[in-house]
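In: Below: sequence and its predicted model.
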Amino acid sequence: MAILVKIFGDLRKKIKGFEATNSLPLNLHIESDGINTISDILEKYGIENEDTGHLFVNGTYSGFSKKVRDGDRVGLFPSNMKLLYKWYFTRHEDE
């Protein structure tokens, strides 16, 4: 089984071999080998923490240390797509 990573907006430009020609998210199915947290996914694709606005795991607003497992759905939004989540929702982290 794999992890589904949905990459939105300008973050799609960071993925080599992908041309962002429309507004649809980039859907990547990645193997979970060596991937334990959202930070590992960002590192895999060369995305800096500062470039992200919101992170979600299975629809839950999450932080960089949130653990990911086979079958999870991860959403990565760029900083220029920030909404008011940080004021109304708590980020879920795993330490």
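Out: It's in.
In: switch to C-alpha atoms for all contacts and neighbour counts from now on
Out: Fine.
In: Walking through the protein, point out its helices one by one.
Out: 38-44, 85-88 (DSSP state H).
In: Can you flag the weakest of these by average pLDDT?
Out: Mean pLDDT values for those show the minimum at helix 85-88, a mean of 62.
In: Just want the most central residue of the protein.
Out: Nearest to the mean C-alpha position of the chain, by CA atoms, centre = their mean, lies Leu76 at 2.8 Å.
In: lowest-confidence helix or strand of this structure?
Out: Taking mean pLDDT, DSSP states H and E as the measure, the helix or strand of the chain with the lowest value is helix 85-88, at a mean of 62.
In: Burial check on the closest residue to Met1 other than its chain neighbours, number of neighbours?
Out: In space, and not counting its chain neighbours, Met1 is closest to Asp70: 5.6 Å by CA to CA, 6 or more residues apart in numbering. Neighbour count for Asp70, taken as other CA atoms under 10 Å: 15.
In: on that earlier part again, unless I'm mixing things up, the residue nearest to the centre of the chain is touching Val5, no?
Out: Yes: at 7.5 Å, Leu76 and Val5 qualify as touching, with contact defined as CA atoms under 8 Å.
In: Just give me the neighbour total for the closest residue to Leu11 other than its chain neighbours.
Out: Excluding its sequence neighbours, the residue lying closest to Leu11 (CA to CA, 6+ apart) is Pro78, at 5.7 Å. For Pro78, the neighbour count with other CA under 10 Å is 20.
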